[in-house]
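**Student:** Curious how this folds, go ahead:
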Amino acid sequence: MLNSIRNAQAVGLAQIEVDFSNLKYEIVKILEKKGFIEKALKSGKKTKKTIEVVLKYHDKIPAISGIKRISKPGQRIYTASQKLKPVRGGHGISIISTSRGLMTGGEARRQNLGGEIICQVW
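**Tutor:** Sure, this is the predicted structure:
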């Protein structure tokens with residue numbers, strides 16, 4: 001999904017459609033809340049569920065200038081709350097999977113929660 005967003009913004013698409021999963025939906029909801037994408041909508045029923053992601057641009061420049069997957073299936077990256085660092089000097093966010101669900105790095109630091117670093121967006 002992260003590569004789909006990156007590729008779509010590289011060619012200037014207005015929206016994309018990705019297969020539905022709860023993890024992907026929570027990630028795009030965080031991106032929507034933080035202003036990196038316009039909106040995210042669930043569509044379809046049962047086995048044909050998808051997520052429609054409407055991308056955000058400022059004067060034809062994408063709102064997301066970079067997106068990086070940190071934890072991968074072959075190498076999971078975990079961190080404690082004290083070791084969570086700001087992304088790009090505070091201009092970006094990291095998305096963390098904690099015991100209380102997905103949240104940004106700042107929220108996890110405030111709640112003193114560590115977990116798996118999913119990705120960074122700036």
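
**Student:** so the residue nearest the centre of the chain is in which element?
**Tutor:** The chain has residue 27 as the residue nearest its centroid, 4.2 Å off, counting by CA atoms, centre = their mean. Secondary structure assigned from DSSP states H and E places residue 27 in helix 22-33.

**Student:** helices and strands around that helix, which ones?
**Tutor:** Contacts defined by 3 or more CB pairs under 8 Å, 6 or more residues apart in numbering; DSSP states H and E place helix 22-33 against strand 37-43, strand 50-55, strand 93-98, strand 101-104, strand 115-121. (Each C-beta comes from the backbone N, C-alpha and C, glycine too.)

**Student:** and of the ones you listed, who's closest to residue 75?
**Tutor:** strand 115-121 (11.0 Å; CB to CB).

**Student:** in the sheet, who's paired with residue 103?
**Tutor:** The partner list for residue 103 in beta bridges (DSSP bridges) reads residue 96.

**Student:** So this protein: which segments form each domain?
**Tutor:** According to automatic domain parsing, the chain comprises the domains 2-62, 67-121.

**Student:** re earlier: go through the helices and strands packed on helix 22-33 and pick out the most buried.
**Tutor:** Sort those by mean neighbour count, taking mean count of other CB atoms under 10 Å, and strand 93-98 sits at the top with a mean of 22.

**Student:** Show me the contact partners of that one.
**Tutor:** 27, 30, 34, 36, 70, 79, 84, 87, 102-106, 108, 111, 113-122 (CB atoms under 8 Å, 6 or more residues apart in numbering).

**Student:** what do you get for stretch 59-75?
**Tutor:** With CB under 8 Å, 6+ apart, stretch 59-75 has contacts from 2, 5-6, 9, 12, 31, 35-37, 55-57, 77-78, 88, 92, 94, 116-122.

**Student:** same deal with stretch 76-85?
**Tutor:** Stretch 76-85 has contacts (CB under 8 Å, 6+ apart) with 70-71, 94, 96, 105, 108-109, 111-117.

**Student:** As TSV, those with pLDDT and distance to residue 50 would be great.
**Tutor:** Converted to TSV, those look like this (pLDDT from 0 to 100; distance: CB to CB, whole Å):
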residue	pLDDT	distance to residue 50
70	96	25
71	96	24
94	97	26
96	97	25
105	96	28
108	97	29
109	96	33
111	96	32
112	96	36
113	96	31
114	96	32
115	97	27
116	97	25
117	97	26
